[in-house]
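Colleague: take a look and give me a structure for this.
(one chain, ligands or ions: 1)
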Amino acid sequence: AAGTASVAFNARKITTARGPEPRQDRSARTKAVILDVASELFATRGFRHTSVKDIAEAVEMTKGAVYFHYPTKEALAVAVVEGHYAYWPRLLEDVQKRELPPLETALAMLDGAALAFRDNVVVRGGARLQIERPHIDAELPTPYVDWTELLRSLLSDAYDKGQLASDVDPGAAARSLVSAFFGVQHVSDVLHGRADITDRWAETRDLFLRALRP
Ligand SMILES: CCC[C@@H]1OCC(CO)=C1C(=O)O
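Modeller: I've put the predicted structure just below:
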């Protein structure tokens, strides 16, 4: 509740500090506030036990105001999951600025993902919604495939540069890393609300390094 109130509070602050925002900025700001609060409620209570009424109350808006921006609860879920996946290209841009070799780039991406799964409300909300896909009547992005392709590409590059043992198949390594990371973040979430995700991921990451390197 505190988190949602502070999100709503920040939205109000914008309209008083510098006078009213231009209409389109205010609308974008309102959508972002609704998305964050919906993400938090989806992440903590799940899709089925979150109502649009809950979301409206948390952002101190009417249900009609929320429906103006997101016509259904399913549309909100789609927006949260899309927001989850929109995080990764931005993370990749940041990681690539470090100009690491491809294997280290792949692992730095997953290190960053571990922090996002712990700290970013939209990433957390999207992760739970993807688990609950069977109960959401909407077209959600197919999970895992983008991460698998990104890691496969980076690991193929690493293989070509001699960074991987000659008997390692980059595709198999990419699929194994995605499954391992998914499991690490899921177990950490269920047992500890992801409080220990960076330690648990570091353990897995180090074992993979022993398996992948020549
Ligand atoms: C990087 C591991 C895969 C990642 O973990 C949770 C989740 C949500 O579905 C993922 C995805 O769809 O790519």
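Colleague: name the nearest residue to the spatially most central residue of the chain, ignoring sequence neighbours.
Modeller: Ranked by distance to the mean C-alpha position of the chain (C-alpha atoms, centre = their mean), the top residue is Val123 at 2.3 Å. Of all residues not flanking Val123 in the chain, Ala116 sits nearest, at 4.4 Å (C-beta to C-beta, 6 or more residues apart in numbering). For glycine as for every other residue, the C-beta is placed from the backbone atoms N, C-alpha and C.
Colleague: which residues does that neighbour contact?
Modeller: Tyr87, Leu91, Val123 (C-beta atoms under 8 Å, 6 or more residues apart in numbering).
Colleague: could you dump these into TSV with pLDDT, distance to the ligand and secondary structure added?
Modeller: Supplementary listing: the contacts of Ala116 in TSV, determined by pLDDT from 0 to 100; distance: C-beta to the nearest ligand atom, whole Å; DSSP: H, G, I helix; E, B strand; the rest coil:
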residue	pLDDT	distance to the ligand	secondary structure
Tyr87	98	11	helix
Leu91	98	11	helix
Val123	98	9	helix
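Colleague: so which of the residues you listed comes closest to Ala158?
Modeller: Leu91 (18.6 Å; C-beta to C-beta).
Colleague: how about the closest one, nearest residue that isn't a chain neighbour?
Modeller: Gly112 (4.7 Å).
Colleague: sorry, back to before: helix or strand for the residue nearest to Val123, which one?
Modeller: Assigned by DSSP states H and E, Ala116 belongs to helix 102-119.
Colleague: and that helix, what's buried?
Modeller: Buried residues in helix 102-119, counted by 16 or more other C-beta atoms under 10 Å: 102-114, 116-118.
Colleague: distance between it and the chain's centre?
Modeller: 12 Å (C-alpha atoms, centre = their mean, to the nearest Å).
Colleague: got the CA positions of it in CSV?
Modeller: Presented in CSV, the C-alpha positions along helix 102-119 are these (Å, rounded to 0.1, in the frame of the first residue of the first chain):
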residue,chain,number,x,y,z
PRO,A,102,30.4,-11.8,-25.8
LEU,A,103,30.4,-14.4,-22.9
GLU,A,104,30.8,-11.6,-20.3
THR,A,105,28.1,-9.6,-22.1
ALA,A,106,25.7,-12.6,-21.9
LEU,A,107,26.3,-13.0,-18.2
ALA,A,108,26.2,-9.3,-17.5
MET,A,109,22.8,-9.2,-19.1
LEU,A,110,21.6,-11.9,-16.7
ASP,A,111,23.2,-10.1,-13.7
GLY,A,112,21.2,-7.1,-14.7
ALA,A,113,18.1,-9.2,-15.1
ALA,A,114,18.5,-10.5,-11.6
LEU,A,115,18.5,-6.9,-10.2
ALA,A,116,15.5,-6.0,-12.4
PHE,A,117,13.5,-9.1,-11.2
ARG,A,118,14.2,-8.0,-7.6
ASP,A,119,13.8,-4.2,-8.0
